[in-house]
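Chemist: coords please:
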Amino acid sequence: MRIVEDDLTHPAVIDLLRLHLQRMQEQSPPESVFALDLDGLRSPWVTLWTAWDDDVVPAAGVPAAASLMGCGALKELDARHAEVKSMRTADAHLRRGVARAILDHLVVVARTRGYERLSLETGTGPAFEASHALYERAGFVPCPPFAGYADTTFSRYFTLVL
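Modeler: Next up is the predicted model:
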């Protein structure tokens, strides 16, 4: 698996991010969907990484033979605090360690950037139980809403002190 910083132009990446937003909208009420769309992910405060099953990913693009495994992003909230956004594993690669590899990469980048805390908002209910377990295994602990989020029954918040 190779994880690369992404420019959000590859069709497979765009499709996965659209699927991510669609699934979030199917699993939560509209006022509780905080997933970023493509424009939100292109903000200067957000960096997206993608995971590919091919170790040869040239700078100019991704070879047709490579398969997109998943993605994850960091959004800078301030100089000491970042948020995990857009964590999604492609359906064909579920339960193969993709999400954990991406999350581990995001934590390393967050530390390298000097953030002191990494937080995230995720949904509730059965569709999100695997995500909750992933974050807890990685050391994230429940926390109150942050960065202007509202406390709702459809959101859970986690944080990790780096």
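
Chemist: who's in contact with the closest residue in space to residue 137 that isn't next to it in sequence?
Modeler: In space, residue 137 comes closest to residue 100 once its chain neighbours are excluded; the distance is 7.7 Å by Cβ to Cβ, 6 or more residues apart in numbering. Quick note: C-beta positions are derived from backbone N, CA and C, even for glycine. By Cβ atoms under 8 Å, 6 or more residues apart in numbering, the residues touching residue 100 are 134, 137-138.

Chemist: what of residue 102?
Modeler: Residue 102 sits next to 3, 49, 51, 70-72, 87 when contact means Cβ under 8 Å, 6+ apart.

Chemist: so which of the residues you listed is the closest to residue 10?
Modeler: Checking those against residue 10 by Cβ to Cβ gives residue 71 as the nearest, at 10.5 Å.

Chemist: skipping adjacent residues, who's closest to that closest one in space?
Modeler: In space, and not counting its chain neighbours, residue 71 is closest to residue 50: 4.7 Å by Cβ to Cβ, 6+ apart.

Chemist: for that neighbour, phi and psi?
Modeler: Main-chain torsions, residue 50, degrees, to the nearest 10: phi -120, psi 150.

Chemist: isn't it up against residue 66?
Modeler: No - shown here, residue 50 and residue 66 do not form a contact pair, counting by Cβ atoms under 8 Å, at 9.8 Å.

Chemist: show me which of these two is the more surrounded one.
Modeler: Set residue 50 next to residue 66 and count neighbours by other Cβ atoms under 10 Å: residue 50 wins out with 28 against 19.

Chemist: gap between residue 137 and residue 109?
Modeler: Using Cβ to Cβ, to the nearest Å, residue 137 is found at 19 Å from residue 109.
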